[in-house]
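A.B. asks: Pasting the sequence and the predicted model now:
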Number of protein chains: 2
Amino acid sequence: MKLEYTLMQKSKRNMARLGEILYNGKVYKTPMFMPVGTNATVKTLSPEEIKEMGCGIILANTYHLWLRPGEDIVKKAGGLHKFMNYDGPILTDSGGYQVFSLAHPKDITEEGVHFKNHENGDQLFLTPEKSIEIQQKLGSDIMMSFDECVKWPSSREYVLNSVERTLNWARRGKEVFTSKDQMLFGIVQGGEYEDLRKHCAEELVKMNFDGYSVGGTSVGEDKPTMYKMVSYATKYLPEDKLRYLMGVGDPIDLIENVMRGIDLFDCVSPTRLARHGHAYTKNGKINLKNSKYKEDFTPVDKECSCYACKNYTKAYIHHLIAAQETFGARLLSIHNITFLTNLMALIRENIANDTLEEFRDKFILEYYGEGYEYK
Amino acid sequence: MKLEYTLMQKSKRNMARLGEILYNGKVYKTPMFMPVGTNATVKTLSPEEIKEMGCGIILANTYHLWLRPGEDIVKKAGGLHKFMNYDGPILTDSGGYQVFSLAHPKDITEEGVHFKNHENGDQLFLTPEKSIEIQQKLGSDIMMSFDECVKWPSSREYVLNSVERTLNWARRGKEVFTSKDQMLFGIVQGGEYEDLRKHCAEELVKMNFDGYSVGGTSVGEDKPTMYKMVSYATKYLPEDKLRYLMGVGDPIDLIENVMRGIDLFDCVSPTRLARHGHAYTKNGKINLKNSKYKEDFTPVDKECSCYACKNYTKAYIHHLIAAQETFGARLLSIHNITFLTNLMALIRENIANDTLEEFRDKFILEYYGEGYEYK
């Protein structure tokens, strides 16, 4: 079945919006944070745990699944949902980001990208058509167009050419997109150049995608630049379709970018931080490896209702991390994803009351302390 | 609360017995397999998962917990049960086995053992008194006496002296044992020498321990030798007390040693095999890494009712193991522990009907195929 999005409410003070996703008989609320399940598994967690945390869409990586186990095997398994036993919505990226970040492409041509498999060095070639073909076989609910994710900073000239390539690639991908049950999103690139973001967004909108993503952020730019990039894109996007900011998951960025009109976020941070012993708290991130937690018999967050905080102490998690026991990463993954899921719920509550700016100011004060400056 | 054991039924054809353990208001049936939670966590699993699989007692390693986080921290946490959030019974070993197998002791004296911390090389000294002191602080329900686990083969002269040392150490440990809520077991050593096993067992019985373990097996000996060692010990042990065979978990060994009067088993195999991609099935172990499972969309065992077999295919688990995703080890750990737990339930059923020998023969035929010989 195809996912349906409905815009429910808009802020009068900024671009924040409330929406609902209807999928497989269930309603999921946006804005939403989506955990990343790179290899068709959210690292250390079961699908049941993911649902229990109140997650909706999860993300899987096309690049990784293309290389292993291969899209044909996933298709034979009955698609990603059956393969990984997840009946909620699944989003796949285009593979482009991993090609550029992991595989260090040899050659970017109009036709596609030549690069090496990051694990065994095999020569590979990915095109817009191939990316859609793979994603159709994977059977995700939301697919991404193949795009070029440019570095930051990049010259205006480079980005200008790159945007044209991304638009051509989006068009070519859409032409081979035949699936009735899946959605295909266009990706707005354009670096930090407002006219290029505008041009890219407007051209994509003419092609009439099922939703739109903002790409080319989280590539080394500072926060004010990221927020500008997002604004430059969202203001040219239609209100009745989903908007997804790719690869962004820092708590403050969720709040700021919701205010700039974003509905969906994904990021590996909550699970990656967990594997390194870090936990989000409303007073900032803490490192459970720190020896000061050795005899701290209180939960990571007293007010948190997640499985980890209800049942385990910082001392126990400190011990598990020190002993390299994966149950430690599992507990912190549960806590960190719950933290972001709860944060999104608070964000939605404050959109409903149109108090998101006050909420942001209070959040910053608690999370970073006095004197935080990013603008 | 102290654990209570009741012998319920004895086979007329061999030494197999049915019993019940009453603990914290719950009844657990013996013979029983106990999963190992070395660092106060059964690798990759939650306490809820362990209980769902029908496990009762779990084991934790005194050596590891002594070194990290340290028994004082576990005590301050309220003991092992609170620390790791497990309300079922917990058994701790004495630390002796790890001292001999991991730390390569420099010096075994009558007083105790000098050795190096296997992680950082620090000089350490463990004595019978210290082992009991640590285990009392850990707060397990069943504690082990400190013993010398001799290699196989060892000369009669060496084993003779070693048994005397183990008996002295058992006596010294019992003298400092003051806890009202814990049980202390004596450990029968004596290698493959019947008179030494008999002597060791009889002397320990005179000291009146709460239960008895059989040690010095799984040290490289063949199966007929192991079974002999067990018989040489159990026939001199009182019927009304628990008997625990340490470190044994191969399926056929569970059946054979139940027939020789054993009630409790532990082994790292189900979780260690899982981390290496192996799964037990009634037709023998299979290696999920094998590429023949790449497109096998059936469960590990069609008849198995565990979480892994109900929800996932061999192809998915093959993929997870290949991608080094810990969820793969988690699924196989659940399957393997369930396999042993179900095997113990079948063993108990066949003790009740006094058909364990027929069950063993049928099990061997299915598990190993025709022509298996170990006697």
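C.D. replies: The structure has been received and is ready for your questions.
A.B. asks: C-alpha from now on. contacts and neighbour counts both.
C.D. replies: Will do.
A.B. asks: Show me what from chain A comes close to chain B.
C.D. replies: Residues of chain A that fall close to chain B, judged by CA under 8 Å from any CA of the partner chain: A:39, A:41, A:43-46, A:68-69, A:73, A:76-77, A:83-85, A:294-295, A:297, A:311-313, A:316, A:319-320, A:323, A:325-327.
A.B. asks: Just the buried ones from those residues?
C.D. replies: Buried members of those, scored by 16 or more other CA atoms under 10 Å in any protein chain shown, are A:39, A:41, A:43-46, A:68-69, A:73, A:76-77, A:83-85, A:294-295, A:297, A:311-313, A:316, A:319-320, A:325-327.
A.B. asks: can you tell me which of these are in helices?
C.D. replies: A:73, A:76, A:83-84, A:311, A:316, A:319-320, A:326-327 (DSSP state H).
A.B. asks: Any chance of TSV for those residues, columns distance to B:Leu160?
C.D. replies: As requested, those are arranged in TSV below (distance: CA to CA, whole Å):
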residue	distance to B:Leu160
A:Ile73	61
A:Lys76	63
A:Phe83	58
A:Met84	57
A:Asn311	48
A:Tyr316	42
A:His319	40
A:Leu320	41
A:Thr326	43
A:Phe327	43
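A.B. asks: Which one of the residues you listed is nearest to B:Ala16?
C.D. replies: Using CA to CA, A:Phe327 is the member of those that lies nearest B:Ala16, at 36.4 Å.
A.B. asks: ok, and what's touching stretch A:295-310?
C.D. replies: Residues outside stretch A:295-310 that contact it (CA atoms under 8 Å, 6 or more residues apart in numbering or on different chains): A:53, A:279, A:281, A:311-316, A:331-332, A:334-335, A:338-339, B:73, B:76-77.
A.B. asks: Grab the most central residue of chain A for me.
C.D. replies: Note on chain A: the residue nearest the mean C-alpha position is A:Asp266, at 1.6 Å, using CA atoms, centre = their mean.
A.B. asks: how close does the residue nearest to A:Val188 when sequence neighbours are not counted sit to chain B?
C.D. replies: Nearest in space to A:Val188, with sequence neighbours left out and distances taken as CA to CA, 6 or more residues apart in numbering or on different chains, is A:Val214 at 4.9 Å. Distance of A:Val214 to chain B, given as CA to the nearest CA, to the nearest Å: 29 Å.
A.B. asks: Distance check, A:Val214 against A:Gln98.
C.D. replies: A:Val214 is 16 Å from A:Gln98, where distance means CA to CA, to the nearest Å.
A.B. asks: cool, and A:His276?
C.D. replies: 22 Å.
A.B. asks: What residue in chain A is the furthest from its centre?
C.D. replies: Farthest-from-centroid check, chain A (CA atoms, centre = their mean): A:Glu295, 35.6 Å.
A.B. asks: how close does that residue get to A:Lys116?
C.D. replies: Distance of A:Glu295 to A:Lys116, given as CA to CA: 48 Å.
A.B. asks: List the strands paired with the helix or strand that contains the residue nearest to the centre of chain A, with their directions.
C.D. replies: Element membership of A:Asp266, judged by DSSP states H and E, is strand A:264-267. Strand A:264-267 sits in its sheet next to strand A:32-35 (parallel), strand A:242-245 (parallel), going by DSSP bridges.
A.B. asks: quick one, what contacts the residue lying closest to A:Met32 once chain neighbours are set aside?
C.D. replies: Leaving aside its sequence neighbours, A:Met32 sits nearest to A:Leu264 (CA to CA, 6+ apart; 5.1 Å). Counting by CA under 8 Å, 6+ apart, A:Leu264 touches A:30-34, A:242-245.
A.B. asks: Most neighbours among those, which one?
C.D. replies: Ranked by the number of neighbours (other CA atoms under 10 Å in any protein chain shown), the contacts of A:Leu264 place A:Met32 first, at 29 neighbours.
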